[in-house]
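In: When you get a sec, could you give me coordinates for this:
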Amino acid sequence: MTLSSFSQDISKVDWDRHVDNLINNHILTPTKKSIYLSLEKIISERTEGVSFGVLLSGGVDSSIIAKICKDLGRNFRCFCVGIRGSKDIFYAQKVSAYFNLDLVVKEYSLDELELLLKEVIDVLPIPVIEKDNYIEYIVKLTVSAVNLGSMKLGSEELFLSGIGAEELFAGYERHSKAVKGGGTWRGIKIRDLKNESINGLKRMHNLVFERDKLISSYISKSLLAPYLADDVIIQAMNMKNSQKIDSLNNKKIIRNIALDLGVPKEFSNRKKKGAQYGSGFDKAILKLAKKNGFKLKKRYIESLING
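Out: Just a heads-up that it's a prediction; the model follows:
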């Protein structure tokens, strides 16, 4: 079993057990080269002889994946969606131009986005928003809309995603809090960096894996996350904190890998911006809410759920 393929069925219990098995593998301190070789290995093995897509946001994680695919001489296209003027489209176009990548872009109008949101709502489990975590659901909804919108643009059956790098290489604010002495995240006490990374990786089953599996299966696509390859997880969990994060930068080793691959600092140093924000879909949902007479995004989403 591997966590990198979203086409397989993995229960939450098996997911947690597999994570525990991986983090108990002790190796020598990983290096930039060893992380790069692990990423290159899974990408090379899974993409040989097939046409595929890369979900490109123009951030450091997806830019590394696209550059490795380019260096391997693979037959692939990159895909990015958002509203007009979105940061992801802006940076995806710049990365693609710099490395001469084939990029397919779609700018969604408000009406098109509403139809896409309704389609996603039909695929994802319907929450009881009063009881469920609304923030989690709106993230699932918007990120799923980005993924679905991107994958629908191509006839390719396999798509590569940069998901997982944030959890493994200390890309979130809660990781910064962990190395600064703790705090809370959504009411949960933050522990040390390694435990926070482990807990975050385990939470991915409910927050990410089920979401992405449902969306990709819905349109008969396969989604591959190279950063969630077993070798990469094992190495990430054996890293020193200083390899991942300091007072100035997070995901240090990933950003350095990008620089070694020739990714310009403009892209390799780009700070994390969730797909819901980078695509502009989050702001667009607020505009849709107001257009439909709602002051709150939550009420607008409820109206879509209730049909």
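
In: wait, what's in contact with Phe159?
Out: Applying C-beta atoms under 8 Å, 6 or more residues apart in numbering, one finds that Phe159 lies in contact with 52-55, 79, 150-151, 216, 221-224. Any C-beta I mention is one placed from the backbone N, CA and C, and that applies to glycine too.

In: one more time with 10 Å, if that's ok
Out: By C-beta atoms under 10 Å, 6 or more residues apart in numbering, the contact list for Phe159 reads 6, 52-55, 76-77, 79, 147, 150-151, 212, 216, 221-225.

In: now Lys265
Out: So Lys265 contacts 255, 258-259 (C-beta under 10 Å, 6+ apart).

In: ok so, going back, mind checking which of the contacts of Phe159 are in strands?
Out: Using DSSP state E, 52-55, 76-77, 79, 222-224 are the members of these that sit in strands.

In: wait, which of the residues you listed is closest to Ser268?
Out: Val54 (16.7 Å; C-beta to C-beta).

In: Who is the closest one paired with across the strands?
Out: Cys78, Leu160 (DSSP bridges).

In: was I right about it contacting Ile65?
Out: Yes. With contact defined as C-beta atoms under 10 Å, Val54 reaches Ile65; the gap is 5.7 Å.

In: hang on, the earlier thing: considering the contacts of Lys265, which possesses the most neighbours?
Out: Of all the contacts of Lys265, Ala258 has the most neighbours under the rule other C-beta atoms under 10 Å, reaching 25 neighbours.

In: mind checking how far it is from Ile83?
Out: According to C-beta to C-beta, to the nearest Å, Ala258 and Ile83 sit 27 Å apart.

In: Pretty sure Thr142 sits against Leu286.
Out: No. Using C-beta under 10 Å, Thr142 is not in contact with Leu286, being 11.3 Å away.

In: ranges for the helices of the stretch 101-250 of the chain?
Out: For the stretch 101-250 of the chain, applying DSSP state H, counting those that start in this stretch gives helices covering 110-123, 134-151, 165-168, 173-179, 193-204, 210-218, 230-237, 241-244.
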